[in-house]
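>>> take this sequence and fold it.
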Amino acid sequence: MQKRIEAHICLNFVAYKVYKELERWLTEKKIGLSATQIIEMAANLFEIEIMLPESKQIIRKKLILTEEHRTLAKIFNF
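Reported below is the predicted structural model:
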């Protein structure tokens, strides 16, 4: 049980650190959106993966379906 608690605390700390780093980066780049707004915009962002039958090459493509997705693509260059 102690290992599970320690793992939970570790995951929460890492998630908090990533969130704070995103906040710092957004402020530094003067994006004008909060970390929470970015996370909400990205919540329904999907990527498809296709393997070409002949070459077995894998192609990944993000599905840019909304204006919010376009905003994220511009901010994060994808």
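>>> how about the most centrally placed residue in the chain: what's its closest non-neighbour residue?
Geometric centre of the chain, nearest residue: Ala42, 6.2 Å, by Cα atoms, centre = their mean. Spatial nearest neighbour of Ala42, chain neighbours left out: Leu72 (6.0 Å); criterion: Cβ to Cβ, 6 or more residues apart in numbering. Backbone N, C-alpha and C define where each C-beta goes, glycine included.
>>> so how far is whichever strand or helix holds the one you found from its chain's centroid?
Per DSSP states H and E: Leu72 is located in helix 67-76. Here helix 67-76 is found 11 Å from its chain centre; the criterion is Cα atoms, centre = their mean, to the nearest Å.
>>> list the buried residues for that helix?
Within helix 67-76, the residues that qualify as buried are Glu68, His69, Thr71, Leu72, counting by 16 or more other Cβ atoms under 10 Å.
>>> relative to Ile5, which of those residues is nearest.
Minimum distance to Ile5 across those is 34.7 Å, recorded for Leu72 (Cβ to Cβ).
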